[in-house]
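1. All I have is the shape, not the residue letters:
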């Protein structure tokens, strides 16, 4: 996409939706879903790739591979080839790379189909004395400004990640089309950095930086990334309190959600079928060597399986105790026999259901595990003193209190 | 056993002990023994110390430099990934950035260096934080290639500030380097890790390090550098603290110093003279660069002026 076309498209989208979203994609799938989600632009960044490999974003800053080569490989193969002509794709350029000639490399980036560049991984993330040493050795942020300047001169779209006021001024002067304030590493999830700026501090930093970039030119689109923003709520707070009109997300959009979804999903699959029963069984097996309370186990089992047929014999088998022993334990702890307990529990449940919903009584009886209505009705009368029908007719406020303990 | 073409070079050079006969599974096999065992390296170094000599280690980025280093009788040659980035300002800093796969680079420079060196022990700079390698396999490969030992370079020990905290939290911290040294020790590799203060020294000594390179910090001219700059006496104190801590754990541990004020030859002499516990000095990149720079400049200008 041509730069002018991108700028026009972004302007129009800003008018209609009010916000812009850039997605840092580390593979074809993320890029594809970002397009489905109407992302306004895509950034191909080394850290995105590392996240897809299950490693920290920070791996993008360490000597594990050549960042530019990595991006060139995966992004051309997986993202550019998607041929999403309506969405600009930006190349995350490591400007200090000693094995490239910036001018020529930027030409190459353009030739293979990228619409623009961004300065990523940026030296701006590194602080302390090492940063000072890098700057003095000529491996500093200046090179990133130069890259943006060169790309701008070649009429490529440019997004500048900035970390302070001075960098913002310099990047705007170099012709950056977008100024994206980096608020630090994204919190949340398993791989994120734990220490981050608070939302409040993020607002202050962003406002300071934007006021400096505005002083040079108000033209560039103002964006935010990282730091405390990991959910849409966080972002709303930032929108409400800063001039930012958009957000560039990496971890927040693919790592954190996929971490949660994949983990939960696999647990669900693993426990499929008798999900709750399996959990109980696991609990019991864990506890057999220790001090599992068999009676508690039976109670928990009843609470979750009262709607099905329950065989005390099988329960005893599962618990690896004899039927008579379990029966004895049960009576001693609960004060009644297992069949009595089960019956009371089921009737208690039936009363709860009858109070909440107006279902046919025959259906209620099935819901609480009775095979035939006659049996249900007889048992109900034996325990409550009234038939289910009589109970429904109007005495629901009096006689249920006796069973509340069982239902709980 | 697989003999790679590069290994055959070693054969013709008859480096070290040549062929070693081992008995495995009832079969007698001839195996190449490249590099020194851990014990041999330690003996060589402590032998020099016993003779009252100062140990000198240095890094080589090319086979040529390695050859010159050997001829100048350095005690230890290190191969670092920075060797590939001699054009990038300070190569030791470039070594820390995402410009290449540090461990792969060391392997490839390693072949060249190993072919040039005949008897000096060569250690590999291992990037211990690398999350894409099964460290035991990689270390074994280095050993088979002829490296006698390893150190932790590039090291996150050179990172500071908030970024360092973030690295540590992302499990890309110094602990993975300590772990790497522990594994190397188990594989009977000589280990000479970088430490930056007494705490690191204790961790590395406990991990089984045979030698420590005590790094006295970066030298910068900016505000942080001016504030953090070590005086000679600060430097002597740091060496003492780290050295004593390490020797309390392992009295035999060999101590080398690097960085900080030691980058200036005059100050290096003062500090070494005043630090009785330190056995020598490790020089990364400066020897190589300054020498080559000077010679090339002189040579070219003398040819230019020859008419």
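-> Received it, and whenever you're ready, just let me know what you need. For clarity, every value in this text was computed on a predicted model and none was experimentally measured. Residues are numbered from 1 along each chain as shown, chains lettered A, B, ... in the order given.

2. From the structure, what's the count of residues near residue 153?
-> With no chain named, the answer covers chain A. Neighbourhood size, residue A:153 [other Cβ atoms under 10 Å in any protein chain shown]: 12. C-beta coordinates here come from the backbone N, C-alpha and C atoms, glycine included.

3. that answer is for a different chain, and I need it for chain B
-> Every residue meeting other Cβ under 10 Å relative to residue B:153 is counted, giving 31.

4. Who are the contact partners of it?
-> B:78, B:80, B:81, B:95, B:125, B:126, B:127, B:194, B:284 (Cβ atoms under 8 Å, 6 or more residues apart in numbering or on different chains).

5. do that again at 10 Å, thanks
-> By Cβ atoms under 10 Å, 6 or more residues apart in numbering or on different chains, the residues touching residue B:153 are B:59, B:78-82, B:92, B:95-96, B:102, B:106, B:123-128, B:177, B:192-194, B:213, B:215, B:284.

6. so of the residues you listed, which ones are in strands?
-> B:59, B:78, B:79, B:123, B:124, B:125, B:194, B:213, B:215 (DSSP state E).

7. Hmm, the first one is touching residue B:77, no?
-> Yes - taking contact to mean Cβ atoms under 10 Å, the distance of 7.4 Å between residue B:59 and residue B:77 places them in contact.

8. and the two? which has more neighbours close in?
-> More crowded of residue B:59 and residue B:77, by other Cβ under 10 Å: residue B:59, with 30 against 23.

9. Run through the residues that contact the closest residue to chain A within chain B.
-> Of all residues in chain B, residue B:161 sits closest to chain A, at 2.7 Å by Cβ to the nearest Cβ. Going by Cβ under 10 Å, 6+ apart, residue B:161 touches A:126, A:127, A:128, A:129, A:130, A:131, A:132, B:224.

10. Could you check how many residues crowd around the third one?
-> So the one you mean is residue A:128. By other Cβ under 10 Å, 18 other residues sit near residue A:128.

11. Next, the contact list for whatever residue of the stretch 1-150 of chain A ends up closest to chain B, please.
-> Closest residue of the stretch 1-150 of chain A to chain B, Cβ to the nearest Cβ: residue A:128 (2.7 Å). Applying Cβ under 10 Å, 6+ apart to residue A:128 gives the contacts B:158, B:159, B:160, B:161, B:162, B:163, B:164, B:165, B:218, B:224, B:228.

12. Now list the buried members of those.
-> Among the contacts of residue A:128, those classed as buried by neighbour count (16 or more other Cβ atoms under 10 Å in any protein chain shown) are B:158, B:159, B:160, B:162, B:163, B:164, B:165, B:218, B:224, B:228.

13. Which residues belonging to whatever helix or strand residue A:266 lives in are considered buried?
-> For residue A:266, the host element (DSSP states H and E) is helix A:256-270. Within helix A:256-270, the residues scored as buried using 16+ other Cβ under 10 Å are A:256, A:258, A:259.

14. separation between the first one and chain B?
-> Pointing back at residue A:256 there. 15 Å (Cβ to the nearest Cβ, to the nearest Å).

15. thinking that residue is in contact with residue A:231, fair?
-> Yes - between residue A:256 and residue A:231 there is a contact at 8.6 Å, judged by Cβ under 10 Å.

16. how about low-confidence regions in chain A?
-> Applying pLDDT under 70 to chain A picks out residues A:185-198, A:271-292, A:395-408.

17. count of residues packed around the closest residue to residue A:239 other than its chain neighbours?
-> In this structure, residue A:239 finds its nearest non-sequential neighbour in residue A:19, 7.2 Å apart by Cβ to Cβ, 6 or more residues apart in numbering or on different chains. Neighbour count for residue A:19, taken as other Cβ under 10 Å: 13.

18. Could you verify my assumption that residue A:19 touches residue A:238?
-> No - Residue A:19 is beyond contact range of residue A:238, at 11.1 Å (criterion: Cβ under 10 Å).

19. okay, which residue of chain A is out on the far edge from center?
-> What lies farthest from the middle of chain A is residue A:385; by Cα atoms, centre = their mean that is 52.5 Å.

20. does that one really touch residue A:391, like I thought?
-> Yes - the criterion here is Cβ under 10 Å, and residue A:385 meets it with residue A:391 at 8.9 Å.

21. Show me how far the strand or helix carrying residue A:16 is from its chain's centre.
-> Assigned by DSSP H and E, residue A:16 falls within helix A:3-17. Centroid separation for helix A:3-17 versus its chain: 29 Å, with Cα atoms, centre = their mean, to the nearest Å.

22. which SSE is the residue of the stretch 301-408 of chain A found nearest chain B in?
-> Nearest residue of the stretch 301-408 of chain A to chain B: residue A:304, at 38.7 Å (Cβ to the nearest Cβ). Using DSSP H and E, residue A:304 maps to helix A:294-305.

23. Tell me which residue is most central in the chain.
-> No chain specified, so I'll use chain A. Geometric centre of chain A, nearest residue: residue A:257, 2.2 Å, by Cα atoms, centre = their mean.

24. The chain in question should be chain B.
-> Nearest residue to the geometric centre of chain B (Cα atoms, centre = their mean): residue B:78, 4.2 Å.

25. Tell me if I'm right that residue A:55 and residue B:172 touch.
-> Yes - Residue A:55 is within contact range of residue B:172, at 8.6 Å (criterion: Cβ under 10 Å).

26. Can you show me the helices along the stretch 151-300 of chain A?
-> Ranges of helices in the stretch 151-300 of chain A, per DSSP state H, counting those that start in this stretch, are A:165-173, A:199-216, A:232-241, A:256-270, A:275-288, A:294-305.

27. Now distance to residue A:100 too, for those, in TSV please.
-> Below are the helices of the stretch 151-300 of chain A laid out as TSV (distance: least, Cβ to Cβ, whole Å):
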stretch	distance to residue A:100
helix A:165-173	20
helix A:199-216	28
helix A:232-241	34
helix A:256-270	32
helix A:275-288	54
helix A:294-305	62
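
28. Of the ones you listed, flag the one that's most buried.
-> helix A:165-173 (a mean of 20; mean count of other Cβ atoms under 10 Å in any protein chain shown).

29. relative to helix A:199-216, how tilted is that helix?
-> Put simply, helix A:165-173 runs at 40 degrees to helix A:199-216, going by axes from the mean of the first three to the mean of the last three Cα atoms, to 10 degrees.

30. any idea how far helix A:165-173 is from the chain center?
-> What separates the centre of helix A:165-173 from the centre of its chain is 33 Å, taken as Cα atoms, centre = their mean.
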